[in-house]
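Participant: how would this look folded up:
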Amino acid sequence: MNGTFKTVLLTLLTLSVLTIAIIELSGVSHTALFNKNKAGDPPGRNTTANHTEAGIMPGGGTTNPANTAKHPKTTIKFDKESYDFGSIKDGDVVEHVYTFKNTGSHPLIIDEVVATCGCTVPAYTKTPVPPGAKGEIAISFNSKGRAGNVDKNIILKSNAQEESIPLYFKAVVKP
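Facilitator: Model (predicted):
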């Protein structure tokens, strides 16, 4: 490749990344990771709350406030809210189960569990979890094409006091 061609490609790549960043930070995109009013916040609890207030979840799904509002609030306690898969090979499909206990006095009802990318598939307890009982949220992470350090999360929507609860996982994906 000659120098001019490399410069043109680098300029196009830079402009593409800049355009995506502007769209994400401006809030023009309904699935933007950052709300324009909280652009400095890191991904996690605050940005998810901003999407929830707007009725939008990562991945484009919408929340259903009627589902959450019609059930009395309760509390939830996770054994661990984050998990480290450690080193895995590119292409491995790994799984983890987050366990929780309903520590409140009303049944816990999970409306949905949303993955923030297509590489993660969540499954969860679909029936109401009675007070004092335990439930599970299982994830399956496909590492294909994700070489390097991976930090991801899923978002739990329920009638818990904190309506949106992020659960985190990470891995080092070796090529």
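Participant: the residue nearest the centre of the chain: which element?
Facilitator: Here the mean C-alpha position of the chain is nearest to the C-alpha of residue 154 (C-alpha atoms, centre = their mean), at a distance of 3.2 Å. Residue 154 belongs to strand 148-158 when elements are defined using DSSP states H and E.
Participant: next secondary structure after that strand?
Facilitator: Next in sequence after strand 148-158, counting helices and strands by DSSP H and E, comes strand 164-174.
Participant: against which helices or strands is that following strand packed?
Facilitator: helix 45-53, strand 76-78, strand 82-89, strand 93-102, strand 134-142, strand 148-158 (3 or more C-beta pairs under 8 Å, 6 or more residues apart in numbering; DSSP states H and E). Using the backbone N, CA and C atoms, a C-beta is placed for each residue, glycine as well.
Participant: for the last one, packing partners?
Facilitator: When you say that, I think you mean strand 148-158. Under the contact criterion of 3+ C-beta pairs under 8 Å, 6+ apart, strand 148-158 touches strand 110-115, strand 120-124, strand 134-142, strand 164-174.
Participant: pLDDT on that strand, on average?
Facilitator: For strand 148-158, the mean pLDDT works out to 96.
Participant: that strand to strand 82-89, inter-axis angle?
Facilitator: Between the axes of strand 148-158 and strand 82-89, defined by axes from the mean of the first three to the mean of the last three C-alpha atoms, to 10 degrees, the angle is 140 degrees.
Participant: buried sites along strand 148-158?
Facilitator: Going by neighbour count (16 or more other C-beta atoms under 10 Å), the buried part of strand 148-158 is 150, 152, 153, 154, 155, 156, 157, 158.
Participant: can I get the residues you listed in a markdown table with distance to residue 113?
Facilitator: Listed next are the buried residues of strand 148-158 as a markdown table, based on distance: C-beta to C-beta, whole Å:
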| residue | distance to residue 113 |
| --- | --- |
| 150 | 19 |
| 152 | 13 |
| 153 | 11 |
| 154 | 6 |
| 155 | 7 |
| 156 | 5 |
| 157 | 7 |
| 158 | 9 |
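Participant: ok, so of those residues, who is nearest residue 92?
Facilitator: When those are ranked by distance to residue 92 (C-beta to C-beta), residue 150 comes first, at 11.4 Å.
Participant: and the closest one, how far is that from residue 70?
Facilitator: If you measure residue 150 against residue 70 using C-beta to C-beta, to the nearest Å, the figure is 37 Å.
Participant: equivalent analysis for residue 143, please.
Facilitator: The gap separating residue 143 from residue 70 is 39 Å, by C-beta to C-beta.
Participant: could you list the low-pLDDT ranges of this structure?
Facilitator: With pLDDT under 70 as the threshold, the chain has low-confidence stretches at 1, 18, 21-69.
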